[in-house]
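what follows is a predicted protein model with its sequence.
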Amino acid sequence: METNRLRVIYIAGPYRSKTEYGVRTNIRNAEQHALFVWANGGVALCPQKNTAGFGGAIGNSEHIWLDGDLELIRRCDAVYIIPGWEESKGTKAEIDFAHNIGIPVLESRDDVLKFLGKYVDKTQFPEDFESHPERNDWP
């Protein structure tokens, strides 16, 4: 007997920065969005956490990480672009790649909820929606 398949969502957003603090900030931002996916029944694949701290470990390895990220996207059900993606060349390449291979690109938390079948139309239940902040405010 097969159970329902969980949907895997790739977290696409900036990693690199001019400072170590900026990299850590980008990782924390991605982490929060990954937690949102997990909290709503999806499986988050967070590349920012996957290779955190690997810079310089394999010589000039930037292309290795970026090529690996594209392979990870190929194996996901959707890509979720998080705030700050507009300034990331890597994220733009990931978005183009996802579009080229027909993987949906989700642009907001509402898009994630819809994709996971958890969307609640706030206009239908405005007084009740506030009693369920996990749907909109996590984390």
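Received it, and whenever you're ready, just let me know what you need.

give the residue spans of the protein that score low on pLDDT.
1-3, 53-62, 120-139 (pLDDT under 70).

could you pull out the helices for it?
Counting by DSSP state H, residue ranges of the helices within the chain are 20-39, 47-50, 62-74, 89-100, 109-115, 126-129, 134-137.

mean neighbour count added to those helices, as JSON lines?
Every residue, glycine included, has its C-beta placed from N, CA and C. Below are the helices of the chain laid out as JSON lines (neighbours: other C-beta atoms under 10 Å):
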{"stretch": "helix 20-39", "mean neighbour count": "17"}
{"stretch": "helix 47-50", "mean neighbour count": "19"}
{"stretch": "helix 62-74", "mean neighbour count": "14"}
{"stretch": "helix 89-100", "mean neighbour count": "16"}
{"stretch": "helix 109-115", "mean neighbour count": "18"}
{"stretch": "helix 126-129", "mean neighbour count": "10"}
{"stretch": "helix 134-137", "mean neighbour count": "12"}
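
how about a markdown table for the ones you listed, with distance to residue 11 added?
What follows is the helices of the chain, written out as a markdown table (distance: least, C-beta to C-beta, whole Å):
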| stretch | distance to residue 11 |
| --- | --- |
| helix 20-39 | 5 |
| helix 47-50 | 7 |
| helix 62-74 | 10 |
| helix 89-100 | 10 |
| helix 109-115 | 10 |
| helix 126-129 | 25 |
| helix 134-137 | 18 |
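
of those helices, which approaches residue 9 most closely?
For the helices of the chain, distance to residue 9 was read as C-beta to C-beta. The smallest value, 5.0 Å, belongs to helix 20-39.

many thanks, have a good one.
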